[in-house]
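Participant: next come a sequence and a model predicted from it.
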Amino acid sequence: MIGSRRGEPRELDLTALLCLAPSVLYVVVLFVYPFLHGIYLSLRPVKQPGLSLANYVAFFSDEWQYGTIWITFTLAVPTTVIVVSTALFLAYGMRRGIRMERTITTILVLPVSLGVILLSIGIQGFYGSRGWFNQMLIGAGLLSEPLQLTNNHTGVMLSLFMQQFPFCFLMLLGYISGIDPTLEKSARTLGANSWIVFRRVMLPLMAPGIAIAVALVFVMSFAVFPSAILLGQPAGSTRTIAIAAYHQAFEHYDMSYASAIAVIMGLCQLAGLVLIVLVRQRMVMAPTMGVGKR
Amino acid sequence: MSQTLNSLRFRITKRFGAKTVLDDFALEVRGRQFVTLLGPSGCGKSTALNIVAGLIPASEGELWIDGARMDQLPAEQRGFGMVFQNYALFPHMTVFGNIAFGLEIQRRPAAEIEQRVRAMLALVQLPELGDRYPSQLSGGQQQRVAIARALVLEPRLLLLDEPLSNLDAKLRIEMRAEIKRIHASLGLTCIYVTHDQTEALSLSDWIVVMRDGIVMQAGPPSEIYNHPKNVFVADFMGFRNFFSGRIGADGALEGAGGAWRIRGRAHDALAPGAPATAAIRPEDVQVGTEAGVNRFRGKVEIVEYLGRENEGVLRLEDQSSLWVHTPARLAPGETVAVTFPPDKVIFLPGAPETQS
């Protein structure tokens, strides 16, 4: 019964192909061409003629350069874990609606409207060593000297959290509230307590949504750039791979090397995505979200 | 095979904000009884069932089973089975997995789970479908699985929340018989919620007709069907024609200004002068007879062919409408004589309200 439609041979429909053309053109012009051009550029180093892997060799033989991969992972992975688990915790708790839901959602989502730069300046002002947060704690006598929350790893992660959390939360909330609430009711009448309901009914059904959230947050965090400069130590502990590429492109004017770094960054993101997909497939098989008749 | 239950009784009040959904709704159910809560949507019947199941907290009230108070227990510790209108099967588990779910929570040995799930699949007549996913089943099959999933735990009480409402007409009748068969063969105690009077009449030992959170009448199906106590229950049970007036000195109902007189029977004696309503079913109206009491004349306005008979809407002399079911041929525009056999007319206290 299921999937029988897939096997049927389809005739080529010229009208359908023509309708497809604008979107294909759009993808080719805005994505495929720049992507391929970037790869080509990365294989043509400035210093020597012809195609070669010299840029990649240079990157992986210089610790100052290849170290940025590790630095970026140490920012992106914890951010992803913290953002998705916090958003999941809150969204799961709010799945049946709570009082003042609209107000709470608005407050949670507000940071998105500010933009990265404004947000970073705000964080600097609030959490910086002379910011309100530290002043308050020192004034209350809880601290003798300010906590170092910005211009380091923590600062960048704080900023990433505030940027990524709202949309991750909204996405998960939408996904979770779309799951039929009677499933949970029926599980309870069958003897499942809250933990079993979560573990055996809700988690498998939420898994596709969680996987998408993890993938998106990871990819966006891996590309961290403005907040790593504004709230981190761009020449040290938060010199991410995006900063390395930026240096090559706009300080050394070596577009070829910069492209190579960008390609490496893309490959790292791809590796992360593949890992997420593999874990998700191993974890649960959730064939359909649909309930009731097909 | 199920654990037996001797008696269950509850008394529930439920308020959502300022709105009282259930007003001191009380019910007593004996073991092996099939009790139906019947009423239009919004009458509180589903809310009552969910409160009994423990899925919604009551504002006030208590629930007792055989002398043990249950209302403080969470749903998962009550040991009641529940079947939902939309089946609520777990889409990520096979049919086998769905039915085994409750047994796995109880950490039963694998061999026992296997054997009990197979027995249930046989009981609901789906022995071959254990490996399918719910999305691969028809609505009727899904509802059978949902029933099996609830019954495999041998619940002492089975709650059914409009289980047949999502099925088409033919399947509904089939599944109705199926539920009746399972109820009889397992000796289950059931509370069933529906808005369909045919379902209620055919399945139940006891029917509770509800409206706005209040019990309008409770009794065995034949009593509810033949002796409705008020206009609301009568309307629900297919009495479609209502005449309101006052009881005359001779016990007949008189229309305003003596326009008409109707003889009938009253369940509870009505005092002369009391406002009352006469009710008769469309199929009890005699068309084309001139003899006897309760004679009326009406002009045929609409005729609908129903197969065995015709449904007609007549406009009577006082401009009220009369629904009739008759095998006789009716032609729109003609004037026909009708009579109401007095034993088919029931007198109810009060006046009918405008039905929405």
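Facilitator: Nice, thanks for sending it over.
Participant: and the most centrally placed residue in chain A, helix, strand or coil?
Facilitator: Residue closest to the average C-alpha location in chain A (C-alpha atoms, centre = their mean): A:Val217, at 1.7 Å. For A:Val217, the assignment made with DSSP: H, G, I helix; E, B strand; the rest coil gives helix.
Participant: over to B:Ala48?
Facilitator: Reduced to three states by three-state DSSP, B:Ala48 is helix.
Participant: give the contact list for it.
Facilitator: B:Ile12, B:Lys14, B:Leu22, B:Phe25, B:Leu37, B:Val193, B:Met210 (C-beta atoms under 8 Å, 6 or more residues apart in numbering or on different chains). Placement of C-beta: from N, CA and C, glycine included.
Participant: test my guess that the fifth one contacts B:Val208.
Facilitator: So the one you mean is B:Leu37. Yes - between B:Leu37 and B:Val208 there is a contact under C-beta atoms under 8 Å: 5.1 Å.
Participant: one step back: quick one: which of the contacts of B:Ala48 sit in strands?
Facilitator: Among the contacts of B:Ala48, DSSP state E puts B:Ile12, B:Lys14, B:Leu22, B:Phe25, B:Leu37, B:Val193, B:Met210 in strands.
Participant: tabulate the residues you listed (a markdown table), appending pLDDT, neighbour count and distance to chain A.
Facilitator: Converted to a markdown table, these look like this (pLDDT from 0 to 100; neighbours: other C-beta atoms under 10 Å in any protein chain shown; distance: C-beta to the nearest C-beta, whole Å):
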| residue | pLDDT | neighbour count | distance to chain A |
| --- | --- | --- | --- |
| B:Ile12 | 94 | 25 | 18 |
| B:Lys14 | 95 | 23 | 17 |
| B:Leu22 | 94 | 27 | 18 |
| B:Phe25 | 94 | 24 | 20 |
| B:Leu37 | 96 | 27 | 17 |
| B:Val193 | 96 | 27 | 14 |
| B:Met210 | 95 | 23 | 21 |
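Participant: just want the residue of the stretch 101-250 of chain B that's nearest chain A.
Facilitator: B:Gly102 (3.9 Å; C-beta to the nearest C-beta).
Participant: follow-up on the earlier one: so the residue nearest to the centre of chain A makes contact with A:Phe161?
Facilitator: No - at 9.8 Å, A:Val217 does not count as touching A:Phe161 under the criterion of C-beta under 8 Å.
Participant: what's the overlap in contacts for those two?
Facilitator: A:Thr79, A:Val83.
Participant: which helices and strands sit right next to the lowest-mean-pLDDT helix or strand in chain B?
Facilitator: Of all helical and strand segments in chain B, the minimum by mean pLDDT, DSSP states H and E falls on strand B:265-266, at a mean of 86. With contacts defined as 3 or more C-beta pairs under 8 Å, 6 or more residues apart in numbering or on different chains; DSSP states H and E, the packing partners of strand B:265-266 are strand B:346-349.
Participant: contacts made by the strand it packs on with the rest, please.
Facilitator: B:227-231, B:234, B:239, B:247, B:253, B:264-268, B:270, B:274-280.
Participant: alpha carbons of it, as CSV, please.
Facilitator: What follows is strand B:346-349, C-alpha atoms only, in CSV (Å, rounded to 0.1, in the frame of the first residue of the first chain):
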residue,chain,number,x,y,z
ILE,B,346,-46.6,12.3,24.8
PHE,B,347,-47.2,15.3,27.0
LEU,B,348,-44.2,17.0,28.5
PRO,B,349,-44.1,19.7,31.1
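Participant: give me the average confidence score over it.
Facilitator: Strand B:346-349 comes out with an average pLDDT of 92.
Participant: one more: stretch A:151-159?
Facilitator: Mean predicted lDDT for stretch A:151-159 stands at 90.
Participant: in that stretch, which residues are buried?
Facilitator: Within stretch A:151-159, the residues that count as buried by 16 or more other C-beta atoms under 10 Å in any protein chain shown are A:Asn151, A:His153, A:Thr154, A:Gly155, A:Val156, A:Met157, A:Leu158, A:Ser159.
Participant: which two in those are spaced the farthest apart?
Facilitator: Farthest pair in these (C-beta to C-beta) is A:Asn151 and A:Met157. Separation: 12.5 Å.
Participant: ok, which stretches of the stretch 101-250 of chain B are strands?
Facilitator: B:157-161, B:190-194, B:206-211, B:214-219, B:241-247 (DSSP state E, counting those that start in this stretch).
Participant: the second one vs strand B:157-161, what angle?
Facilitator: Same thing as strand B:190-194. Calculated by axes from the mean of the first three to the mean of the last three C-alpha atoms, to 10 degrees, strand B:190-194 forms an angle of 10 degrees with strand B:157-161.
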